[in-house]
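Chemist: sequence unknown, structure follows:
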């Protein structure tokens, strides 16, 4: 089975590279993946799959039944959307859309899943049914949730779901599998500080919101270090500060702060919310000013189900050997909306090595490019996972 899976990936390498580079050249952002989803749907239909489009606006689902009938329904998911990022690469397949770029490897994820679909359609030596999910709007726009709201798990009797992301810093040819947390939850917040503005040379006549903002930023950084358990991980980052008219001699009326919270556990998030609200309101009050905070719902933490993670780990060990199959490395504080699927169905989300951490591999870099050499291995993983999870008798 190992040779069959890997040979299947190698057989489709040139096609996957062509698909991947075409997608890279024509990136489309969240819910605008019209060309991408059409290409995916056309390819799946040409492979002989049953195809459903328009799920979660631009999502696509391909359905493939194995040669043996079984009550086994598993889903494999790839994301399709690009980033709002201007590409700085100059190679032939660089983005032709200004301000849009496949800077996270979703073009490669889509190509690998298409390659697996092609290989399994050609040799459907498995039992049960596989659903190939091509998801829109993963980059902060909650496309997974939109597909669920559009009835993904009601229309298709999916029992388990699996995902995979390329991982810079992990050598090509290697995999990483987590038995629990993989990626953090992310939740944004907006803070508004209301002071009284006036002349920069007469600070005694105003209530300076910039001073309050500075005090608050420092105080916020104590939440993780002094309130969260030291054995848990969390991050609070202030990512925007807005205030002032542009004049050098005018203290503004208001300052707005914006940032994000990243945690793995619900209790840690609730604690962070409570401490943030207290610090915002009471820091402003200490300066005889007012401040408010609004929390924005983001993606949940991506937490694997242990039994399904064990299945994935067994597959990658067989595929690349134990020395290249990493079990429970440190999770990432990045976020991934595959989390919504794992809240509804058991499954697992793994990493496939994409190579070193130079600019050509760093996620969200304007110089990023997916490593085409790992396409066959990624497709082989999908094929072997389907074969391993399906009862053959």
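Modeler: Sure, I can see it. It should be emphasised that the depicted structure is a prediction, and the values quoted were computed from it without experimental measurement.

Chemist: now do the helices in the protein.
Modeler: Counting by DSSP state H, one finds helices in the chain at the ranges 2-11, 13-25, 34-47, 106-122, 143-149, 152-155, 209-220, 222-226, 266-286, 306-320, 339-344, 375-389.

Chemist: which parts of the first one are buried?
Modeler: Buried positions in helix 2-11, judged by neighbour count with 16 or more other C-beta atoms under 10 Å: 5-6, 8-11. C-beta: built from backbone N, CA, C; applies to glycine.

Chemist: name the nearest of the residues you listed relative to residue 52.
Modeler: For the buried residues of helix 2-11, the closest approach to residue 52 (C-beta to C-beta) belongs to residue 8, at 24.3 Å.

Chemist: hang on, the earlier thing: reformat the buried residues of helix 2-11 as CSV; add distance to residue 193.
Modeler: Output for the buried residues of helix 2-11, formatted as CSV (distance: C-beta to C-beta, whole Å):
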residue, distance to residue 193
5, 57
6, 58
8, 58
9, 55
10, 59
11, 60
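
Chemist: least confident of the residues you listed?
Modeler: Confidence by pLDDT is poorest for residue 9 among the buried residues of helix 2-11, given 70.

Chemist: for that residue, what are its contacts?
Modeler: For residue 9, the contact set (C-beta atoms under 8 Å, 6 or more residues apart in numbering) comprises 115-116, 119, 375-380, 383.

Chemist: what's the answer for residue 159, then?
Modeler: Under the criterion of C-beta under 8 Å, 6+ apart, the contact partners of residue 159 comprise 72-74, 345-346.

Chemist: looking at the helices of the chain, spot the one closest to residue 256.
Modeler: Across these, residue 256 has its closest neighbour in helix 209-220 (8.8 Å, C-beta to C-beta).

Chemist: how about that closest one: buried residues?
Modeler: When burial is assessed from 16+ other C-beta under 10 Å, helix 209-220 yields the following buried residues: 209-213, 216, 219-220.

Chemist: which of those lies closest to residue 93?
Modeler: Closest approach between those and residue 93, by C-beta to C-beta: residue 220, at 42.4 Å.

Chemist: is it true that the closest one touches residue 276?
Modeler: Yes: judged on C-beta atoms under 8 Å, residue 220 makes contact with residue 276 at a distance of 6.8 Å.

Chemist: outline the domain layout of the protein.
Modeler: Taking automatic domain parsing as the domain assignment, the record places the domains of the chain at 2-182+301-389, 185-296.

Chemist: for the residue lying closest to residue 216 once chain neighbours are set aside, grab the count of nearby residues.
Modeler: Among residues not flanking residue 216 along the chain, residue 283 sits closest, at 4.8 Å (C-beta to C-beta, 6 or more residues apart in numbering). By the criterion of other C-beta atoms under 10 Å, residue 283 has 20 neighbours.
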